[in-house]
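A.B. asks: Need coordinates for the below:
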Amino acid sequence: MPRILDRTLQGLSHYLEEFLISGQTANKDGFLQHVDPRIKLSGFFTLITATVLSSKVLLSVGLLLFSFFFAFLSKIPLLVHVKRLFYIPLFAFLISVPQVFLMEGSPVLEFKILTITLKGTSEGIHYLIEFTLRVATSISFLSLLLLSTQFSDLMASLKWFRLPTTLIRLFKLTYRYIFLLLREMQRLLLARTARTLKKKGIMEEWRELSQIVGNLLIRTLERGEDTYLSALGRGFTGTYKACPLEFDFQMADILFIFSTVTLTTIVLLATFYPFLLETTVQLILKAFLT
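C.D. replies: Prediction:
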């Protein structure tokens, strides 16, 4: 029966594969699929920046719900989208739990472990919720970008934005061969499980897994060198050609730009100029009511 460490590594490798592969969702007839990749890339970058700058829980919740609304309009299955949001926000939640007891503020929780008393503060709980929501919302927007955009279009958009060619080349090679690396790790773990006949201690399992990781790194270096030599033998000169993107401004682009600008403006006003946002809302409500 697979050990818990094996299952953890296998689960993480499957999660990375599912997160990076867009599958058939990028070819669906949905809202985000019709948005120009360059507009989509800059728009989601703006929304992620607004998410990081937001300082209120309600803003993060609103942005997260809006990302699910985008997924619905783009015909992305809810279960697929939620599965891609599980691991990273969970990890962010776990690493920020100590802040509940480390941040100063009004105590609302109290735990006593032997002679140690831990007091949780309302400020710490607020930080825990806010940080987890920020991470979940950012991952949600990033997931939508990957699910609704072909990787080749994404790289062409980066080239259009004049990113360094070396960086784009690194992205392409990493994306192309990371799946090979993950499947190689799965094969190594499967071979280790098949050779295991008795239950081993945790220290022995860690020792064997460290050997597997070392073996995987060596295989990766060898595979990378072989791949590079094969590419040179086929005429590789260090440059890539990306298919140019044709700019066809559609209604989907206008709606996406309007949504992005509106959400970003609301977040920035609520974070840095809350009084100005309240005044604007009151004026709008007054205009509609009268």
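A.B. asks: Quick one: neighbours of residue 226, just the number.
C.D. replies: Applying other CB atoms under 10 Å, we find 10 residues neighbouring residue 226. Glycine gets a C-beta too; all of them are placed from N, C-alpha and C.
A.B. asks: And the pLDDT for it?
C.D. replies: Residue 226 is assigned 82 on the pLDDT scale.
A.B. asks: Give me the three-state assignment for it.
C.D. replies: Per DSSP: H, G, I helix; E, B strand; the rest coil, the local secondary structure of residue 226 is helix.
A.B. asks: so how far is residue 148 from it?
C.D. replies: Residue 226 is 35 Å from residue 148, where distance means CB to CB, to the nearest Å.
A.B. asks: can you check residue 177 too?
C.D. replies: According to CB to CB, residue 177 stands 24 Å off from residue 148.
A.B. asks: same deal with residue 257?
C.D. replies: In terms of CB to CB, residue 257 sits 16 Å off from residue 148.
A.B. asks: repeat for residue 186
C.D. replies: 28 Å.
A.B. asks: Can you show me the helices along the chain?
C.D. replies: With helices called from DSSP state H, the chain shows them at 4-20, 37-53, 57-73, 78-83, 87-96, 99-102, 122-148, 151-160, 165-195, 202-233, 251-272, 274-289.
A.B. asks: Other residues contacting the fourth one?
C.D. replies: If I follow you right, that is helix 78-83. Identification of contacts with helix 78-83 by CB atoms under 8 Å, 6 or more residues apart in numbering yields 18, 25, 68, 71-72, 140, 143-144, 147.
A.B. asks: what's the burial count for residue 220?
C.D. replies: Neighbour tally, residue 220, other CB under 10 Å: 15.
A.B. asks: Tell me where the stretch 151-290 of the chain is predicted with low confidence.
C.D. replies: 196-198, 200-202, 238-247, 277, 281, 290 (pLDDT under 70).
A.B. asks: Tell me the spacing between residue 70 and residue 81.
C.D. replies: Distance of residue 70 to residue 81, given as CB to CB: 10 Å.
A.B. asks: repeat for residue 113
C.D. replies: The span separating residue 113 from residue 81 equals 39 Å under the rule CB to CB.
A.B. asks: Compare neighbour counts for those two and give me the winner.
C.D. replies: residue 81 (20 against 7).
A.B. asks: Could you report the neighbour count for the residue nearest to residue 248 when sequence neighbours are not counted?
C.D. replies: In space, and not counting its chain neighbours, residue 248 is closest to residue 36: 7.2 Å by CB to CB, 6 or more residues apart in numbering. Around residue 36 there are 21 other residues, counting by other CB under 10 Å.
A.B. asks: repeat for residue 48
C.D. replies: 19.
A.B. asks: How confident was the prediction at it?
C.D. replies: 95.
A.B. asks: ok, now which ones touch it?
C.D. replies: Shown in contact with residue 48 (CB under 8 Å, 6+ apart): 138, 141-142.
A.B. asks: one step back: can you redo the helices of the chain as JSON lines with distance to residue 109?
C.D. replies: Below are the helices of the chain laid out as JSON lines (distance: least, CB to CB, whole Å):
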{"stretch": "helix 4-20", "distance to residue 109": "29"}
{"stretch": "helix 37-53", "distance to residue 109": "28"}
{"stretch": "helix 57-73", "distance to residue 109": "18"}
{"stretch": "helix 78-83", "distance to residue 109": "29"}
{"stretch": "helix 87-96", "distance to residue 109": "15"}
{"stretch": "helix 99-102", "distance to residue 109": "7"}
{"stretch": "helix 122-148", "distance to residue 109": "8"}
{"stretch": "helix 151-160", "distance to residue 109": "44"}
{"stretch": "helix 165-195", "distance to residue 109": "40"}
{"stretch": "helix 202-233", "distance to residue 109": "31"}
{"stretch": "helix 251-272", "distance to residue 109": "28"}
{"stretch": "helix 274-289", "distance to residue 109": "29"}
